[in-house]
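Peer 1: Kindly return the folded structure for what I paste below:
(one chain, ligands or ions: 1)
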Amino acid sequence: MGNILVTGAAGFIGSHTTDQLLAAGHEVLGVDNFRTGHRRNLNAALRSAAFRLVEADVAEPGVLAALVAGFRPEAIIHLAALVSVQESIQDPALNQRLNVRATELVAAAAEAQGVARIVFASSAAIYGDATALPIEEEAPKQPISPYGEAKLVSEGILLKTTGRGVTVRCHRYFNVFGPRQDPASPYSGVISIFDRRYREGKAVTIYGDGQQTRDFISVHDVARANVIAATQPGIVSGAANICTGRATSLRDIVAVFAAHYPAVSPPLYTESRPGDIIHSLGKPARAREQLGFVAQVPVAVALGELIETQ
Ligand code: UD1
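Peer 2: Numbering: from 1, shown residues only. Below you'll find the model as predicted:
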């Protein structure tokens, strides 16, 4: 079992990835600056002797190089990021630093110190408003936010290192949901917002008619894709969608919540959000071919688990 360095380990996807790595017997060094991550997400991991957590900013020159030199990881799973599309619009310089500069430092540290693999948190946001569904990896890349642009640029930076002995996997996550996702802003993932509202006994708001669909994928599946890409022998470099290939509408989501919370008032319907897309759906074939990854948790099951989580 190898050493794996996880950036953004205290975040939503990072903490689940860390949990699965530890369960599989790996030694994990987690790095987080706690800007949007939370120590409480790692409560279980911190009880493991195989886990170490360092508070540091990976966009700061020298930080990653020192950690990689000390820990000698066979893989870096780079999940640290500015995760809010809205924030990337408000503060493009911060987006550049946290989403592009940090990636350059990951690539440089990996290359200089012989790290075998990098797994990177890319996003379906790199496709922008895709016209043909399901979205294939070869679809036009027309990101409509600085966030999506930074993820696309980062893929390029990382894939350049593959010629120099590093295997790179770029994971284009679709709509990830599950426990520990932060519902803090109105632009947080819709399921995290709905989960909080139902827990508080309050009606949710649906923008539009609720017939819009997304390719919602459980964080447990996403973490498993990360573990496979970082640890399984014989993986080749490339980028792939991490999605289910199934469309779920907001009405479908609300129906699951409503069944669990019969006392909560029905949703309020209001105007669609400007710029909102109606349908998004990924094609999952490439991740299956290149990683042997197939999403396993049905959305209704993962939603039920989220609702039951304390
Ligand atoms: C957005 C981001 C995407 C990010 C994802 C996080 C953009 C362009 N895209 O996409 O990069 O990965 O969030 O999950 O910003 N909705 C409601 N009620 C609410 C909240 C949302 O009806 O209280 C609706 C939205 O209008 C949208 C759907 O739910 O139609 C999904 O919203 P959201 O979870 O924000 O995801 P995306 O729009 O796919």
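Peer 1: Do a quick rundown of the strands in the stretch 1-150 of the chain.
Peer 2: Remark: strands assigned in the stretch 1-150 of the chain by DSSP state E, counting those that start in this stretch are 3-7, 27-32, 51-55, 75-78, 117-123.
Peer 1: got it, and the stretch 201-310 of the chain?
Peer 2: 205-207, 213-214, 216-218, 238-242, 248-249, 268-270.
Peer 1: Isn't Ala80 up against Gly30?
Peer 2: No - contact criterion C-beta atoms under 8 Å: Ala80 and Gly30 do not qualify, at 10.1 Å. All C-beta atoms are positioned from the backbone trio N, CA, C, and that covers glycine.
Peer 1: quick one: common contacting residues for the two?
Peer 2: Gly14 (C-beta atoms under 8 Å, 6 or more residues apart in numbering).
Peer 1: mind listing what Thr244 touches?
Peer 2: Counting by C-beta under 8 Å, 6+ apart, the residues that Thr244 touches are Phe174, Asp215, Phe216, Ile217, Asp221, Gly282, Pro284, Ala295, Val299.
Peer 1: go with 7 Å
Peer 2: By C-beta atoms under 7 Å, 6 or more residues apart in numbering, the contact set of Thr244 is Asp215, Ile217, Pro284, Ala295.
Peer 1: Check Arg273 too.
Peer 2: Applying C-beta under 7 Å, 6+ apart, we find Arg273 in contact with Tyr207.
Peer 1: so what pLDDT did it get?
Peer 2: Note on Arg273: pLDDT of 93.
Peer 1: now the closest residue to Tyr147 other than its chain neighbours: how far from the ligand?
Peer 2: Using C-beta to C-beta, 6 or more residues apart in numbering and skipping the chain neighbours, the partner closest in space to Tyr147 is Ser88 (3.7 Å). Here Ser88 is placed at a distance of 9 Å from the ligand (C-beta to the nearest ligand atom, to the nearest Å).
Peer 1: hang on, the earlier thing: just name the most buried of the strands of the stretch 1-150 of the chain.
Peer 2: strand 75-78 (a mean of 29; mean count of other C-beta atoms under 10 Å).
Peer 1: my read: Ile144 touches Ile126, true?
Peer 2: No - checked against C-beta atoms under 7 Å, the pair Ile144 and Ile126 is beyond contact range at 10.1 Å.
Peer 1: and the two? which has more neighbours close in?
Peer 2: Each of Ile144 and Ile126 has its neighbours counted (other C-beta atoms under 10 Å); Ile126 has more, 25 against 15.
Peer 1: right, and that one touches Gly148 too?
Peer 2: Yes - at 5.2 Å, Ile126 counts as touching Gly148 under the criterion of C-beta under 7 Å.
Peer 1: and Gly25, how many neighbours does it have?
Peer 2: Gly25, neighbours per other C-beta under 10 Å, totals 10.
Peer 1: All further residue positions should be reported with the first residue as 228.
Peer 2: All set: I'll call the first residue 228, so the last point we hit is now Gly252.
Peer 1: Let me see the contact set for it.
Peer 2: Shown in contact with Gly252 (C-beta under 7 Å, 6+ apart): Met228.
Peer 1: Repeat that for Pro493.
Peer 2: Ala430.
Peer 1: So for it, what's the pLDDT?
Peer 2: For Pro493, pLDDT reads 97.
Peer 1: now it: how far from Pro413?
Peer 2: 20 Å (C-beta to C-beta, to the nearest Å).
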